[in-house]
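**Student:** My questions concern the predicted model and sequence given below.
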Protein chains: 2
Amino acid sequence: MSESDESDGYERLFADPVRETMDGAAYGTWRAITAPDAVSLAFGFPYPDALPNGKVNEAVDALLEIDHEDALQYAGGDYADAITETVVERTHARGIECTEAEVHVTNGATHALDTVAQTFLDPGDTIAVEAPTYMGALRLFRNYGVDVEGYAMDENGLDVDAFAADLAAREEAGDPLPKFLYTVPDFQNPTGVTLSTDRRERLLELAETYDFLIVEDDPYGQLRYDGTTPEPLKSLDEDGRVVRVDTFSKTIAPGIRTGWVVADEAIVRELDRINAGGENVFTLGLIARYCEATDFEADLEDLRAGYRERRDRMLDALDSRMPAGVEWSEPAGGFFLWVEFPEGIDAEELLETAAEEGVTYLPGSYFFHDDRGSRYARLSFSYVTPEEIEDGIAALARATRAALPAVEASDD
Amino acid sequence: MSESDESDGYERLFADPVRETMDGAAYGTWRAITAPDAVSLAFGFPYPDALPNGKVNEAVDALLEIDHEDALQYAGGDYADAITETVVERTHARGIECTEAEVHVTNGATHALDTVAQTFLDPGDTIAVEAPTYMGALRLFRNYGVDVEGYAMDENGLDVDAFAADLAAREEAGDPLPKFLYTVPDFQNPTGVTLSTDRRERLLELAETYDFLIVEDDPYGQLRYDGTTPEPLKSLDEDGRVVRVDTFSKTIAPGIRTGWVVADEAIVRELDRINAGGENVFTLGLIARYCEATDFEADLEDLRAGYRERRDRMLDALDSRMPAGVEWSEPAGGFFLWVEFPEGIDAEELLETAAEEGVTYLPGSYFFHDDRGSRYARLSFSYVTPEEIEDGIAALARATRAALPAVEASDD
């Protein structure tokens, strides 16, 4: 008979992928990176005025008045039923054809990625990600016991040539090909860069050639502050290769945590089946009503104005304050930009001085599946005021300058 | 190079457990069992007046007024923070000691079970369930590629002697022992029966002896209409063997889909980590505020009165109308009772006549992992009015009578 005297000893009972990742941090632990009186350039949150408290309250009133008790019942009422149609409309607004049968609604984009992961990944499978990539996705993919291959990026997004070369080499060597590529093509988290149209087309060809899917995570696509947006991968997708993930978190509010997948009907059927329960029909009804009552495009214009001002202020502050040798991306949209410090500066070590100077950020290590992140930082301009951005970048510049002499000395 | 010319051909890309269960029905498909003008004894829903529209609306008003924009932000405001404390209070009210570190909040009980399954189950593992058991749990466990062993029940719940004998036989034969036993100990879905206290104690001993966990799913425990409730398995659990699942779906509303797990801190740590994203802090804040503002125990008394009346009406109607040879359970709480038809009546076939007569129910086959269900039906008294219950049972009695001569004929 089995023995179990250790009070903490559940390891033998956990699933293999859980046991193998037990030292990992939980989703959201990065939110603990704060410091007293410091400006947070760490939080990838909408700024408070972007959150539509009044309209949400009105939507709840209307939902409860019109759908009565059905609004709180298991299956929801007419507004909850309308969520799929609402999502189809939002998807059409991005230039993507889709039917209701191609939509799977989830509790936010990360939950969508989790359901996609559960639907496609067996332990030992390989997946491809951008390096760096969204830390929440990295963490959840690890939960599935898969090998994560990270491919480098430049100012036009994923380096598709390098990716193609590796795929060819893998096939040649008989190494496993990825089940899917996970990409944030527009204003990527964390780098802020956008995948060019020719690379999007090339990726779709590669997916067909090497028989993998492309998981397109697009939370920021509608938040472009200048220039024109390339077509989403899903709208270029003629072979059903793209599993697209979108969310209301950045266009309505993250607290109502609702996202969706657009994919081939045969995939959506399995996502529906695998994603057992957990559908908050009250929230779904609220969102459908909200979208019916608001002018979504006008709301987006307001949001773009608020974020554009913040982005511009951050870029200006970086230009005027940062010492030579520090580089950063210039995002045309989204919430983030990506800083590369000169050799010898470790962004995780720098965080301590920076916090003392009055600013926090997320060190690059969060965004890599390996140890490539030490010289990078993600700065978010989405949450704080333009004035706080100015102060935060000034503090970061002071901290960087203080670290620089040590770098120069070690170069001697 | 791989080829993929079939438009629907994603099978090779799906995870193994998904591919193996692709013919399965999606969560909630049982809700499609309806018929025009028929009374639904199929829906395990709260009755409409049980749903607190006014109080939910007030809670939203207060949440948005007090927590301002934080209510809609990623991390939520003070009320969302208070959800764990709220859950601890609700758990204490069930006589269970627990701390905030022993609580993991989920998007409802089914989502809780899904997270527990992902945390503990590898493909090929064995789990034990009651036969019959909750169909939503059965479906989601199948998604993990595990062997499901079903153990018979009687009027005191799971037949623990038979379970113990099988565990001993499995150990003797070197067959796999279960990772966990899934049980609904109070007013089980679908049978309505309650596990006796001595069997609860025996189960905990077995869990220790054979090194498995007990997943206690307790959505109905507070809805007892007469007699006294045995202590929950979790409150008897001295060795951290019980992973308890509870929900607000039956005590506030299912549409806000919020549940939780109470388990050893070491287990909760992994549940927190595995359950990536998807936390609807708006709903969590709403619930915390709702619980702060309401008299929860008084609300429960009102709910008990409403459900008690329905249960009594159903038992009376069955007594006065059903032909001899039909048997049913007499639940002391919950939403359901379980009907056994005489040999020769197939509950799935009977459903067609019953729907014509004016009633629908869920055939027993939904609740078994094998083909043991053909002579059973789950009747729910929770959703419809007492008058509809009367009409529904009358219709079921007519349908049963019409089927009986055929039985007797085939016995000749």
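**Tutor:** Sure thing, it's come through.
**Student:** contacts and neighbour counts: CA atoms only from here.
**Tutor:** Fine.
**Student:** where in chain A is pLDDT low?
**Tutor:** A:1-8, A:25, A:27, A:406-412 (pLDDT under 70).
**Student:** Could the C-alpha coordinates of the lengthiest strand in it be exported in CSV?
**Tutor:** Looking across chain A with DSSP state E, the single longest strand is strand A:147-154. Taking C-alpha atoms only, strand A:147-154 is exported to CSV below (Å, rounded to 0.1, in the frame of the first residue of the first chain):
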residue,chain,number,x,y,z
ASP,A,147,8.8,22.2,-26.2
VAL,A,148,8.7,26.0,-26.9
GLU,A,149,11.0,27.2,-29.7
GLY,A,150,11.5,31.0,-29.8
TYR,A,151,12.3,32.8,-33.0
ALA,A,152,13.9,36.2,-33.2
MET,A,153,12.1,39.4,-34.2
ASP,A,154,13.2,42.7,-35.8
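**Student:** Those residues of the stretch 101-250 of chain A touching chain B, which are they?
**Tutor:** A:107-111, A:114, A:118-122, A:136, A:140, A:143, A:171, A:179, A:208-212, A:239-240 (CA under 8 Å from any CA of the partner chain).
**Student:** What remains of these if I keep only buried residues?
**Tutor:** Among those, the ones that count as buried by 16 or more other CA atoms under 10 Å in any protein chain shown are A:107-111, A:114, A:118-122, A:136, A:140, A:143, A:179, A:208, A:210-212, A:239-240.
**Student:** The nearest residue to residue A:254 once chain neighbours are set aside sits in which helix or strand?
**Tutor:** Excluding the flanking residues, the one nearest residue A:254 by CA to CA, 6 or more residues apart in numbering or on different chains is residue B:74, at 5.1 Å. Here residue B:74, judged by DSSP states H and E, is contained in no helix and no strand.
**Student:** In contact with residue B:74, which residues are there?
**Tutor:** A:45, A:254-255, B:281 (CA atoms under 8 Å, 6 or more residues apart in numbering or on different chains).
**Student:** Likewise for residue A:354?
**Tutor:** A:360, A:395-396, A:398-400.
**Student:** Also residue A:103?
**Tutor:** Residue A:103 neighbours (CA under 8 Å, 6+ apart): A:84, A:87-88, A:260-263, A:265, A:268.
**Student:** ok, it to residue A:87 distance?
**Tutor:** Using CA to CA, to the nearest Å, residue A:103 is found at 8 Å from residue A:87.
**Student:** on that earlier part again, which members of the contacts of residue A:103 occur in helices, if any?
**Tutor:** The helices, defined by DSSP state H, take in A:84, A:87-88, A:265, A:268 from the contacts of residue A:103.
**Student:** quick one: which of those is most hemmed in?
**Tutor:** residue A:87 (27 neighbours; other CA atoms under 10 Å in any protein chain shown).
**Student:** Quick check: that one vs residue A:300, distance?
**Tutor:** From residue A:87 to residue A:300 the distance is 16 Å (CA to CA).
**Student:** And for residue A:394?
**Tutor:** 30 Å.
**Student:** Have a look at the two and say which one is more surrounded.
**Tutor:** Shown here are residue A:394 and residue A:300; by other CA under 10 Å, residue A:394 has more neighbours (21 against 17).
**Student:** what comes up buried for the host helix or strand of that one?
**Tutor:** In the assignment (DSSP H and E), residue A:394 maps to helix A:386-411. By neighbour count on 16+ other CA under 10 Å, the buried set for helix A:386-411 is A:386, A:388-400, A:403-404.
**Student:** OK, contacts around the residue of the stretch 101-250 of chain A found nearest chain B?
**Tutor:** Nearest residue of the stretch 101-250 of chain A to chain B: residue A:120, at 4.3 Å (CA to the nearest CA). The neighbours of residue A:120, taking CA under 8 Å, 6+ apart as the test, are A:179, B:13-15, B:18.
**Student:** one more time with 7 Å, if that's ok
**Tutor:** Taking CA atoms under 7 Å, 6 or more residues apart in numbering or on different chains, we find residue A:120 in contact with B:13-15.
**Student:** which residues touch residue A:389?
**Tutor:** Applying CA under 7 Å, 6+ apart, the residues near residue A:389 are A:313-314, A:381.
**Student:** Which parts of the stretch 301-412 of chain A are helices?
**Tutor:** Using DSSP state H, counting those that start in this stretch, the helices of the stretch 301-412 of chain A run over A:347-357, A:386-411.
**Student:** actually the stretch 101-250 of chain A, not the one I wrote
**Tutor:** All helices of the stretch 101-250 of chain A, identified by DSSP H, counting those that start in this stretch, fall at A:109-120, A:135-142, A:160-173, A:197-210, A:233-236.
**Student:** buried set for the second one?
**Tutor:** Within helix A:135-142, the residues scored as buried using 16+ other CA under 10 Å are A:135-142.
**Student:** what's the angle between that helix and helix A:109-120?
**Tutor:** 20 degrees (axes from the mean of the first three to the mean of the last three CA atoms, to 10 degrees).
**Student:** what does the third one give?
**Tutor:** With the same axes, to 10 degrees applied, the angle from helix A:160-173 to helix A:109-120 works out at 20 degrees.
**Student:** and helix A:160-173 with helix A:197-210, angle?
**Tutor:** Counting by the same axes, to 10 degrees, helix A:160-173 lies at 10 degrees to helix A:197-210.
**Student:** now that we have the contacts of residue A:389, which one has the most neighbours?
**Tutor:** residue A:381 (31 neighbours).
**Student:** Name the nearest residue to residue A:171, ignoring sequence neighbours.
**Tutor:** Closest to residue A:171 by CA to CA, 6+ apart is residue A:177, at 7.0 Å.
**Student:** Residue A:134 too?
**Tutor:** Leaving aside its chain neighbours, residue A:134 sits nearest to residue A:189 (5.3 Å; criterion: CA to CA, 6+ apart).
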